[in-house]
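Participant: I would like the atomic coordinates for the input below:
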Amino acid sequence: MAAKALSVTDFPEGDLWVFGYGSLIWKPGFAFLEQSAARLIGEHRSLCIYSMVHRGTYEKPGLVLGLDRGGACQGVAFRVARREREATVAYLREREQVTGVYREVMRSVWIKGDGRERVRALVYVADRSHDQYAGRLSLDEQLRLVKQGHGAYGNNAEYVISTVAALEAQGIRDVPLHRLATLLRGGDTPLHRAR
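Facilitator: As a prediction, the model looks like this:
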């Protein structure tokens with residue numbers, strides 16, 4: 001399936017902002033000038049993508065994050081120098097668009113600094129029409145998929161736990177993701193016990 005990519009004219013003339021909401025926070029993989037806490041409105045972080053390559057296989061899919069419609073998402077915005085823009089976009093496409101499950105879009109994000117500033121950032125959002133879009137899954141189904149997932153980038157459980165650690169380091173608490181990470185670490189959550 002063809003990846004949904006922006007054209008050259010969709011990008012800003014100067015530096016490029018990239019919004020990270022999952023593994024980009026703890027492993028960006030590209031050079032950047034600065035990073036800042038950021039908020040995207042209109043999408044929320046969700047384990048809504050079946051992973052067939054990076055954290056799973058076609059036989060035993062894993063589950064990775066996507067931005068899904070509705071709500072808001074706290075994350076990190078990275079400012080990439082203009083001279084690094086082309087290489088950064090090429091790298092992100094190779095990393096994020098292996099199976100075309102994300103749409104590449106420019107969205108407004110609000111960054112925190114001395115004041116709140118709005119910037120346009122490159123964002124990868126879930127393509128709901130793609131076969132790998134999982135939608136909203138129960139906690140038990142998420143746990144099953146993440147426990148079985150292992151792909152080219154490694155263990156799916158490590159991906160979730162590393163993402164939660166990175167979110168905590170940024171002062172971000174994502175309740176559903178934290179609940180899953182607790183179960184993966186062998187803990188129990190009050191909600192899960194109540195089922």
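
Participant: Report the helix or strand with the lowest average pLDDT across this structure.
Facilitator: Of all the helices and strands that make up the chain, the one with the lowest confidence by mean pLDDT, DSSP states H and E is helix 190-194; it has a mean of 44.

Participant: Please enumerate the strands of this structure.
Facilitator: Secondary structure of the chain, counting by DSSP state E: strands at 16-20, 34-51, 62-80, 102-112, 116-126, 150-151, 154-155.

Participant: could you give the angle of the fourth one to strand 116-126?
Facilitator: Right, strand 102-112. Computed with axes from the mean of the first three to the mean of the last three Cα atoms, to 10 degrees, the direction of strand 102-112 lies at 160 degrees from that of strand 116-126.

Participant: Give me the phi and psi angles of the residue sitting nearest the centre point of the chain.
Facilitator: With distances taken as Cα atoms, centre = their mean, the residue of the chain nearest its centroid is G22 (3.5 Å). Main-chain dihedrals, G22, degrees, to the nearest 10: phi -140, psi -120.

Participant: out of the strands of the chain, nearest to T9?
Facilitator: Of all these, it is strand 102-112 that lies closest to T9, at 11.0 Å by Cβ to Cβ. C-beta here means a position set from N, CA and C on the backbone, and glycine is covered the same way.

Participant: Enumerate the positions of the helix of greatest length in the chain that are buried.
Facilitator: For the chain, the longest helix by residue count, based on DSSP state H, is helix 156-169. For helix 156-169, the neighbour count (16 or more other Cβ atoms under 10 Å) marks 156-157, 159-164, 166-167 as buried.

Participant: what's the answer for stretch 65-83, then?
Facilitator: Judged by neighbour count using 16+ other Cβ under 10 Å, the buried positions of stretch 65-83 are 65-68, 73-80.

Participant: now stretch 99-113
Facilitator: 99-107, 109-111.

Participant: thinking again about what came up before, could you name the helices and strands sitting against the longest helix of the chain?
Facilitator: On a contact count with 3 or more Cβ pairs under 8 Å, 6 or more residues apart in numbering; DSSP states H and E, helix 156-169 meets helix 23-26, strand 62-80, helix 139-148, helix 175-184.

Participant: how about 10 Å then?
Facilitator: Using 3 or more Cβ pairs under 10 Å, 6 or more residues apart in numbering; DSSP states H and E as the contact criterion, the secondary-structure elements in contact with helix 156-169 are helix 23-26, strand 34-51, strand 62-80, helix 139-148, strand 150-151, strand 154-155, helix 175-184.

Participant: out of those, which comes closest to S7?
Facilitator: Ranked by Cβ to Cβ, the member of the helices and strands packed on helix 156-169 that lies closest to S7 is strand 62-80, at 18.1 Å.

Participant: you'd agree V109 is up against E117?
Facilitator: Yes: taking Cβ atoms under 10 Å as the contact criterion, V109 and E117 are neighbours in contact, 9.5 Å apart.
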